[in-house]
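Undergrad: quick one, fold the following:
(chains A, B and C)
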Amino acid sequence: MSQFSLYAVISMLIFSIGLYGFIAHAHLVRKILAVNIMGSAIFLLLISAARRDPTAPPDPVPHAMVLTGIVVSVSFTAFALALTRRIYAETGQAYLPETEPAISAQKQDIVQK
Amino acid sequence: MRGRANITQLWTRVILVVCSVVFGLGLVWTALALPQEATGLARVVKPRMPESGVTNPVTAVLLNFRGYDTLLEIGVLLLAIIAVWSLRLAPTRTALERFMAETPVLAYLVRLLVPVMLLVAGYLTWIGSSRAGGAFQGGAVVAGAGVLLLLAAMVPLPRRRRLLRSLLVMGFGLFLAVAGGMLLLGNNLLEYPPERAYILILAIETLLTVSIGLTLALLFLGVIPEVAAIQQRREDNV
Amino acid sequence: MLMDNLGTWIVWPILLPLIAIIPIFLLKRPGAANVSLVTAAAIVLAVAGLARQVLTNGEQSHAVGGWDAPLGIMLHADGLSVFMLMMTAIVGAITSIYAAGYRFQGGGDSGSSSGYFFWPLSMFLWAALNVLFLAADIFNLYIGLELLSLAAVALVTLERKRDATVAGMRYLLASFLGSLAYLLGVALLYTAFGTLDLELLGARIQPDLPTAVAIMLITLGTALKTALFPLHFWLPPAHGSAPTPVSALLSALVVKASFYLLLRLWFEVFPAALTPAIAQMLGLLGAVGILWGSFLALRQHKLKALVAFSTVAQVGYLFLLFPLASTSAGWGVDAWSGGVYHAFAHACAKAAMFMAAGTLAYAIGSDQLDRLAGTFQHYPFSVTALTLAGVSLMGLPPSGGFIGKWLLLNSALASGQWWFALVILTGSLLATGYVTMVLSHILLRPPDAAPIDPRNTNVSFTLEFAALLLALIALGLGLAATPMLALLRIGMPFTGY
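TA: This is a model prediction of the structure:
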């Protein structure tokens, strides 16, 4: 397996892991982390695609794409984290409401005891 | 309480894992089907390098050939700080903390590191035209220095609104001015005249380094500096 | 030479909003609002100039940086681009007027109030839309999408309301996911074919596995952003709880942008992939969206939520374009024109509806449908705007909505896809249902209703005027159909009858 194929396969596995993490975890910070992992996977794919022929110089366009992608990713992540802070300040926890029933059920147990 | 509010039902988890595995395998199969020979744009970029004004191909692509994308990306970064400010977060302890004199190690380290970091940042930006480096790399190091200063609470919060905002926007502003200015010369948008390309790219990258570094550090802070500064003064007076 | 290039109209819709951001960022609320309004007018002029240039000289291209594809990035303006730009300019300008008179919660005149932040964020939104409609490079489209999404989410969370914050987070996560899917698709396409230019990509593309997966990822990501059923879950709470001018911008423009992306990519980059099966599936999802969205709209008790669900339904109509344009030889022109015209008419009508609804909700202090009785006496302009917008949504002549639906219906019947014709008619019927429901609450006052308490009598006339103007434009689109449709034909990926 060539070096490119190895990196490409690994990047796709990382992408899937990130996707699983995004759906499975309810905590907002974990979701944000998962999305970042997915982004990094795509960047890995691009970087490895830039150097498929070891004798030739690497292709600069994917490098530029990844640089741009990182900046865009950082921008989104910064805003997402700030929004998480706002949600935490307003609701006291860093979850989206549809995952709250599990919490309120537990709280009810505590109250009843 | 571990596992609280996570998807705890076993069968949902199992289905999710199975789907992810199938999806992952599909992607892996796709990755294996990608062409092994270099089908990229390296062959197109290489002959045009002398016209770009720099010798580093990544910088040439980023600031010249595909400079439009970079311009928009700086716009995204500016938008990010505006968006975070629009949330009007309440100031945190980090934001309000005064000089942390009780930790001499931190203070000494910061005093030592920050000037070095700024020097490294300047070097990275400068060398970007011929070696690996550029505005983003330099800006990231400036941001690191900024975050260090914020954590150590060794700088007063910026209170001069216009000055701060001017510094934040100047990279984007110059880039945009150059892009539009080329139209006045009769060129296309962002079309540098080849003999001036290097100096224009250098000027843009320098201002961008400051703007990017400042933007990232302020994104770390989160709160609007003037608001935090007002709060800080209020706490002082109490 | 100088005037030659300053007369390159194509760059100005992009440059003007970006330039405006600098003074807007440095000023406080009143200054920011004024700069925005002036820029709005300038953008309208720039788009008009570009439209005239395209009408007389045909499609326009511009190589940014002086580098042609595949080295550089191309801008491209054809009939569809100009159409979308005009839609954005008209709705954007009038919404700016509305926003200037709107009271944002947490307002104030400083440089840090909600009322201030609307202006830089909406200008970024506008810039992003113009970038998207003129882009001819697939990675450029990605950045435009990101710019658009970030601005849109930040606008949703502008006021400090709990519903909006949560809805904004959901929108953000959905958006982020969609963007990454799109980016992975782009990465795969570049790795396989070595170019990012749309035209070159269209020429080089092959039907193999990476291409198929890339197309699937791009479509899924974009469908998530355009709220195609079943990926529409994030839209109603976000559009329903956002401040009124934001809801108008989002429903009218932002969802259309990702749809535009799909249109461009499917019909010009990988048209061979648009097999009848896939086209029917997209149409089917659109159909379900129409029926499901309309059905849920009928069940709402709050005005803004109803209007938001109506957006889900109307987005469904856009996706009917895929099966109707791809499988009907010769009638592609009708389907394409119909779908795109519908997008424009819906943009004006929906924005007008949101603005009118927002004004009424603000006036009586509540969003509940059953509290709307008697508002007609106090706010006749808003109610009229609501009605006229409803007329376009229902698809009654002579509105723009009628033209759009008529063309779609025509192509559905002509190509023998009668089931879609049925869906279009049912959708119109359901739309009539929920529009009439709203109007009956307003106009038919139950005999024992309490006299209306105009909580906020300081509703500025600007608000009402803006809504009415936009609703009249929605109507006027029906009357001005001929020149508009002629414009749309330039660069259309079909030949005539």
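Undergrad: who's in contact with the one residue sitting closest to the centre of chain B?
TA: Central residue of chain B (C-alpha atoms, centre = their mean): B:Ile212, 4.7 Å from the mean position. B:Ile212 is in contact with B:Ile74, B:Leu77, B:Ala135, B:Phe136, B:Gly138, B:Gly139, B:Ala140, B:Val142, B:Ala143, B:Gly171, counting by C-beta atoms under 8 Å, 6 or more residues apart in numbering or on different chains. (Each C-beta comes from the backbone N, C-alpha and C, glycine too.)
Undergrad: any low-confidence regions in chain A?
TA: A:99-113 (pLDDT under 70).
Undergrad: in it, which residue sits closest to chain C?
TA: Nearest residue of chain A to chain C, counting by C-beta to the nearest C-beta: A:Ala49, 4.3 Å away.
Undergrad: top of the contacts of B:Ile212 by number of neighbours, please.
TA: B:Ala135 (31 neighbours; other C-beta atoms under 10 Å in any protein chain shown).
Undergrad: so what's residue 78 closest to, chain neighbours aside?
TA: Picking chain A for this. In this structure, A:Ala78 finds its nearest non-sequential neighbour in B:Leu219, 4.2 Å apart by C-beta to C-beta, 6 or more residues apart in numbering or on different chains.
Undergrad: wait, I meant chain C there
TA: Closest to C:Asp78 by C-beta to C-beta, 6+ apart is C:Gly491, at 2.7 Å.
Undergrad: which SS class is B:Val44?
TA: helix (DSSP: H, G, I helix; E, B strand; the rest coil).
Undergrad: that one and B:Ile201: what is the separation?
TA: Separation of B:Val44 from B:Ile201 (C-beta to C-beta, to the nearest Å) stands at 20 Å.
Undergrad: same question, A:Ala82
TA: As for A:Ala82, its distance to B:Ile201 is 32 Å (criterion: C-beta to C-beta).
Undergrad: which of the two has more residues huddled nearby?
TA: More crowded of A:Ala82 and B:Ile201, by other C-beta under 10 Å: B:Ile201, with 25 against 22.
Undergrad: what are the ranges of the helices in the stretch 1-150 of chain C?
TA: C:2-6, C:12-26, C:29-57, C:79-101, C:114-134, C:138-156 (DSSP state H, counting those that start in this stretch).
Undergrad: swap that for chain B, sorry
TA: Counting by DSSP state H, one finds helices in chain B at the ranges B:10-32, B:42-48, B:57-60, B:67-86, B:93-96, B:104-127, B:135-151, B:161-184, B:197-221, B:225-237.
Undergrad: out of those, the one nearest C:Ala257 is which?
TA: helix B:67-86 (14.6 Å; C-beta to C-beta).
Undergrad: the closest one packs against which elements?
TA: helix A:60-91, helix B:161-184, helix B:197-221, helix C:12-26, helix C:114-134, helix C:138-156 (3 or more C-beta pairs under 8 Å, 6 or more residues apart in numbering or on different chains; DSSP states H and E).
Undergrad: distance to A:Arg30 added to those, as TSV?
TA: Below are the helices and strands packed on helix B:67-86 laid out as TSV (distance: least, C-beta to C-beta, whole Å):
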stretch	distance to A:Arg30
helix A:60-91	10
helix B:161-184	31
helix B:197-221	20
helix C:12-26	33
helix C:114-134	28
helix C:138-156	19
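Undergrad: right, and those - which one's nearest B:Leu124?
TA: The nearest among the helices and strands packed on helix B:67-86, by C-beta to C-beta, is helix B:197-221 at 8.2 Å.
Undergrad: tell me the mean pLDDT over stretch C:98-106?
TA: Computed over stretch C:98-106, the mean pLDDT rounds to 85.
Undergrad: give me the contacts around it.
TA: Stretch C:98-106 is contacted from outside by B:88, C:33, C:36-37, C:113-115, C:118-119, C:122, C:158-161, C:243-245, C:248, C:355, C:358, C:362, C:460-463, C:466-467, using C-beta under 8 Å, 6+ apart.
Undergrad: which among the residues you listed count as buried?
TA: When these are checked for burial by 16 or more other C-beta atoms under 10 Å in any protein chain shown, the buried set is B:88, C:33, C:36-37, C:113-115, C:118-119, C:122, C:158-159, C:161, C:243-245, C:248, C:355, C:358, C:362, C:463, C:466-467.
Undergrad: now the least confident helix or strand in chain B by mean pLDDT, how far from the centre of its chain.
TA: Lowest on mean pLDDT, DSSP states H and E among the helices and strands of chain B sits helix B:93-96, with a mean of 73. In this view, helix B:93-96 has its centroid 23 Å away from the chain centroid, taken as C-alpha atoms, centre = their mean, to the nearest Å.
Undergrad: try stretch C:65-75
TA: Taking mean C-alpha positions (C-alpha atoms, centre = their mean), stretch C:65-75 and its chain are 28 Å apart.
Undergrad: for stretch C:98-118, same thing?
TA: 23 Å.
Undergrad: do the same with stretch C:151-168
TA: 19 Å.
Undergrad: of the contacts of stretch C:98-106, list those near chain A.
TA: Among the contacts of stretch C:98-106, proximity to chain A is found for C:Arg160 (C-beta under 8 Å from any C-beta of the partner chain).
Undergrad: which residue is the nearest non-sequential neighbour of the residue in chain B that chain A sits nearest to?
TA: Sorted by distance to chain A under C-beta to the nearest C-beta, the residues of chain B start with B:Gly24, at 3.1 Å. Nearest non-adjacent residue to B:Gly24, counting by C-beta to C-beta, 6+ apart: A:Ser16, 3.1 Å away.
Undergrad: mind listing what C:Leu27 touches?
TA: Taking C-beta under 8 Å, 6+ apart as the test, what C:Leu27 contacts is C:Val35, C:Gly111.
Undergrad: re earlier: could you identify which of the helices of the stretch 1-150 of chain C has the lowest mean pLDDT?
TA: Least confident of the helices of the stretch 1-150 of chain C, judged by mean pLDDT, is helix C:2-6 with a mean of 49.
Undergrad: OK, contacts around residue 17?
TA: Answering for chain A, as no chain was given. Per C-beta under 8 Å, 6+ apart, neighbours of A:Ile17: A:Ile37, B:Ser20, B:Gly24.
Undergrad: if you could check chain C rather than the one you did, that'd help
TA: C:Thr39, C:Ile43, C:Met123, C:Phe124, C:Trp126, C:Ala127, C:Asn130 are the contacts of C:Pro17 under C-beta under 8 Å, 6+ apart.
Undergrad: and if you look at C:Met394?
TA: Each residue near C:Met394 by C-beta under 8 Å, 6+ apart is listed here: C:Gly401, C:Ser428, C:Ala431, C:Thr432, C:Val435.
Undergrad: one more: B:Thr215?
TA: Counted by C-beta under 8 Å, 6+ apart, B:Thr215 has contacts B:Leu77, B:Leu78, B:Ala80, B:Ile81, B:Ala143, B:Leu168.
Undergrad: how near is it to C:Val35?
TA: 22 Å.
Undergrad: quick one: the closest residue to C:Ala223 other than its chain neighbours from chain B, how far?
TA: Spatial nearest neighbour of C:Ala223, chain neighbours left out: C:Leu231 (5.5 Å); criterion: C-beta to C-beta, 6+ apart. Distance from C:Leu231 to chain B, counting by C-beta to the nearest C-beta, to the nearest Å: 16 Å.
Undergrad: how about C:Leu231, secondary structure?
TA: coil.
Undergrad: and it, how many neighbours?
TA: Other residues lying near C:Leu231 total 20 when counted by other C-beta under 10 Å.
Undergrad: distance between the ends of stretch B:29-44?
TA: End-to-end span of stretch B:29-44 (C-alpha to C-alpha, to the nearest Å): 29 Å.
Undergrad: how about that stretch: buried residues?
TA: B:Thr30, B:Ala31, B:Ala33, B:Leu34, B:Ala38, B:Thr39, B:Gly40, B:Leu41, B:Ala42, B:Val44.
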